[in-house]
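Participant: Provided below are the primary sequence and the corresponding predicted coordinates.
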Amino acid sequence: MHGKISIIIPVYNVEKYVYQCLESIMNQTYENWEAIVVDDGSLDNSGSICDAFSKKDLRFHIIHQKNGGIAAARNSGLNYATGKYITFLDSDDFIVPDLFQKALGVLTRTNADLVQWDVNFHHDPEYSMIKNGNKIESEYTEIITDTEGALSHYVDTRGVGDDPRYNNLWNDCRCVWTKLCKREVFEGISFPNNRQYEDDYICHRLFGNANVIALINSRMTNYRYRSNSAIRTMNAKGKLDKLDCEYDRLCYIQEKGFESLLPHAAHNYFISLLNCYTDNRKKKKKKVMKSLLERCRNDYRSYKYNLNKSDKFVVELFCKVPNLLIILYVVYRKTKV
């Protein structure tokens, strides 16, 4: 039998959804698993529902803690987990019955350190539309790659042409709940507290710790697309967090020496910076605007040689004449690396 899988589920005020989430774990065809369920100070009946599962199945381990946010809950789960392999699931989502069996089978057969799969997006019942992005149906495909290859999908936010094998893979790259990793891949990695998009802060580092990565196009996680989901909303703090995340990834790629990826990473960072500036300009937050402009000027001096000609022209002009941002930003968003 293959090793134990630890699946970590942070829970907070999801009494409407958590039963389906935990039931989808209990129904897995692969049976050597433990579920680390971290009740992060729920104020509804979520904790009681979780406790009921632990009484039915001893593979469920429930941690009740004071509310500290999703990053703190995930870190608690990581500290408690004993499995050879690590994966995550959000408590309002659910997985297909053979996810563990299929993902572990691919990981073992390809000798991968990390396997990543695709996602189905479901709208909440009160929303009539079910959306799966612009994904193209195609035959089952495996892409076996290394750190640099995986990061190339991560930073190339336009995808790789019209090849259906790569369709939307870059979105899946940014989520921990689309991955099964050997435990050692998480060595030295934890989720940052008080950050939105905390997944995005660590996923490039997971790829960095993995020598062999398998990407498969099977949709095995069902993501519930709710009105208050992070994927639907991004507040001012979220945009600043996203900016810091893009900068961290840019520095990481530079540190790793992946020169061919720097133009993409730099492009993404400066797009995020202009996005923040535009948002704060609309809200007339002059102090933040001034800080962002200064940051752009400083970072442009450091990374201008990593930008292509069109990016360099737009960023340099913005640094000199920021009032042209509205026109420049529209052009810049359409720029291809």
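Facilitator: Everything's here; your move. Bear in mind that the values here come from a model prediction, so they are computed numbers and not experimental data.

Participant: okay, and for the stretch 51-200 of the chain, where does confidence drop off?
Facilitator: 123-139, 157-171 (pLDDT under 70).

Participant: the helices in it, which residues?
Facilitator: Assigned by DSSP state H, counting those that start in this stretch, the helices in the stretch 51-200 of the chain fall at 70-80, 99-110, 147-155, 169-173, 198-209.

Participant: tell me which of those sits nearest to C296.
Facilitator: helix 147-155 (19.3 Å; Cβ to Cβ). No exception for glycine: its C-beta is placed from N, CA and C like everyone else's.

Participant: show me what counts as buried in the closest one.
Facilitator: Going by neighbour count (16 or more other Cβ atoms under 10 Å), the buried part of helix 147-155 is T147, A150, L151, S152, H153, Y154, V155.

Participant: next one: stretch 8-17
Facilitator: So stretch 8-17, judged by 16+ other Cβ under 10 Å, has buried residues I8, I9, P10, V11, Y12, N13, V14, E15, Y17.

Participant: outline the domain layout of the chain.
Facilitator: 5-225, 236-333 (automatic domain parsing).

Participant: taking helix 147-155 as reference, get the angle to the helix or strand where I253 lies.
Facilitator: Assigned by DSSP states H and E, I253 belongs to helix 236-256. Going by axes from the mean of the first three to the mean of the last three Cα atoms, to 10 degrees, helix 236-256 is angled at 150 degrees with respect to helix 147-155.

Participant: residues in contact with helix 236-256?
Facilitator: 147-148, 151, 154-155, 195-197, 200-201, 204-205, 208, 230, 234, 261-262, 265-266, 268-269, 272-273, 275-276, 279-280, 283, 299, 303, 306 (Cβ atoms under 8 Å, 6 or more residues apart in numbering).

Participant: repeat that with 7 Å
Facilitator: For helix 236-256, contacts defined as Cβ atoms under 7 Å, 6 or more residues apart in numbering pick out 151, 195-197, 200-201, 204-205, 208, 261-262, 265-266, 268-269, 272-273, 275-276, 279.

Participant: could you give the average pLDDT over that helix?
Facilitator: On average, the pLDDT along helix 236-256 is 92.

Participant: next secondary structure after it?
Facilitator: As assigned by DSSP H and E, the chain's next helix or strand after helix 236-256 is helix 262-282.

Participant: strands paired with the longest strand that the chain contains, and their directions?
Facilitator: Counting residues, the longest strand found in the chain (DSSP state E) is strand 213-225. Sheet pairing of strand 213-225 (DSSP bridges) gives strand 94-95 (antiparallel), strand 114-123 (parallel), strand 142-145 (antiparallel).

Participant: dump the C-alpha coordinates for that strand into PDB.
Facilitator: Coordinates of the C-alpha atoms in strand 213-225 are reproduced here as PDB (Å, rounded to 0.1, in the frame of the first residue of the first chain):
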ATOM      1  CA  ILE A 213       6.100  17.900 -11.400                       C
ATOM      2  CA  ALA A 214       3.100  16.200 -13.100                       C
ATOM      3  CA  LEU A 215       0.300  18.300 -14.400                       C
ATOM      4  CA  ILE A 216      -2.900  16.500 -15.400                       C
ATOM      5  CA  ASN A 217      -6.100  17.900 -16.900                       C
ATOM      6  CA  SER A 218      -8.600  15.900 -14.900                       C
ATOM      7  CA  ARG A 219     -11.100  18.100 -13.000                       C
ATOM      8  CA  MET A 220     -11.100  16.500  -9.600                       C
ATOM      9  CA  THR A 221     -11.800  19.400  -7.200                       C
ATOM     10  CA  ASN A 222     -15.200  21.100  -7.200                       C
ATOM     11  CA  TYR A 223     -14.800  24.700  -6.300                       C
ATOM     12  CA  ARG A 224     -17.900  26.500  -5.000                       C
ATOM     13  CA  TYR A 225     -18.000  29.900  -6.600                       C
END
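
Participant: got the contact list for it?
Facilitator: Here strand 213-225 makes contact (Cβ under 7 Å, 6+ apart) with 17, 92-96, 99, 102, 106-107, 110, 112-124, 131, 138, 140-146, 150, 165, 169, 177-178, 207, 231.

Participant: ok, now how distant is Y154 from C173?
Facilitator: 4 Å (Cβ to Cβ, to the nearest Å).

Participant: cool, E187 as well?
Facilitator: 20 Å.

Participant: of those two, who's got more company?
Facilitator: C173 (26 against 8; other Cβ atoms under 10 Å).

Participant: can you map out the strands along the stretch 1-150 of the chain?
Facilitator: Ranges of strands within the stretch 1-150 of the chain are 5-11, 33-40, 60-65, 85-88, 94-95, 114-123, 142-145, based on DSSP state E, counting those that start in this stretch.

Participant: tabulate those strands (JSON lines), appending distance to V315.
Facilitator: Shown next, in JSON lines, are these (distance: least, Cβ to Cβ, whole Å):
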{"stretch": "strand 5-11", "distance to V315": "38"}
{"stretch": "strand 33-40", "distance to V315": "40"}
{"stretch": "strand 60-65", "distance to V315": "44"}
{"stretch": "strand 85-88", "distance to V315": "36"}
{"stretch": "strand 94-95", "distance to V315": "42"}
{"stretch": "strand 114-123", "distance to V315": "32"}
{"stretch": "strand 142-145", "distance to V315": "30"}
